[in-house]
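Participant: sequence plus predicted model, see below.
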Amino acid sequence: MHRSTSQLCDRARQLASLRLDGELSELEAALLDAHLARCGGCSAFAATGAEIAATLRALPPEPFEAQVAIPFVRGAGRIRALQAAAAAALVVAAAVLGSVVNLAGADAPTSAAPAPRHTAMLAFGDTADELRTLRRPGLIETSHPIPRNRAIPGESV
C-alpha cells in the first residue's frame, strides 16, 4: 500500500473513495478532478479504486448462510427492576441527606446581619438621570459618596 505524502493527497484519496459511492458535491468533484490532473499517484489510486468497485458490483450477490442466534437471558426483567429500585433508593437517600445537612446549617448563629440589598427594575425608557434618582436613596443610607456628573433638576449642588 502506497502512503501519500501530503495532506492534499490524503484528502484527494478520501474524495476519490467518496466518489465511488456517489457522495461528492459538485465542488468536491471539481477539486478532486483538478488534483487528479496534476498528481499521478492519486490518479492511479482513484483508477484502481474505480476498477475494484466496478468488479465487485458486477459480481452476483452471495447468500448469507450462517445462522445468527441471539441468546435469551432469563431474569433480565428482574435485574432491570433491581437496578431501578437501587437508583430510586439512592435518590431518596440523597434527598434525606441534603435535608439533614440543610437543617443542621439553619441552627448555626450568624455573626452579622446581611446588608440590605436595593433592587430597582429598569425599563427601556429610563435615562441616566432617572437611574441616578432611583439609586440615590440607597447610597445615602450606606453613607457612600454620590457620584455626580451633572446636577439633578430641583436640587442644589
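Facilitator: Alright, I've got the coordinates.
Participant: so residue 68, which of the three states?
Facilitator: coil (DSSP: H, G, I helix; E, B strand; the rest coil).
Participant: so for it, what's the pLDDT?
Facilitator: If you check residue 68, the pLDDT there is 85.
Participant: how about it, phi and psi?
Facilitator: phi -110, psi 120 (degrees, to the nearest 10).
Participant: so where's the protein shaky on pLDDT?
Facilitator: For the chain, applying pLDDT under 70 flags the ranges 1-5, 73, 75-76, 104-128, 130-132, 134-157.
Participant: helices of that one, start to end?
Facilitator: Counting by DSSP state H, one finds helices in the chain at the ranges 7-20, 26-38, 40-58, 76-106, 128-141.
Participant: from the ones you listed, which stretch is densest packed?
Facilitator: Among the helices of the chain, helix 7-20 has the highest mean neighbour count (mean count of other C-beta atoms under 10 Å), at a mean of 16. Yep, even glycine has a C-beta here, placed from its N, CA and C like the rest.
Participant: by contact count, what packs against that one?
Facilitator: In terms of contacts (3 or more C-beta pairs under 8 Å, 6 or more residues apart in numbering; DSSP states H and E), helix 7-20 is packed against helix 26-38, helix 40-58.
Participant: can I get the helices of the chain in a markdown table including distance to residue 64?
Facilitator: Output for the helices of the chain, formatted as a markdown table (distance: least, C-beta to C-beta, whole Å):
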| stretch | distance to residue 64 |
| --- | --- |
| helix 7-20 | 23 |
| helix 26-38 | 34 |
| helix 40-58 | 16 |
| helix 76-106 | 28 |
| helix 128-141 | 76 |
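Participant: how near is residue 40 to residue 9?
Facilitator: 11 Å (C-beta to C-beta, to the nearest Å).
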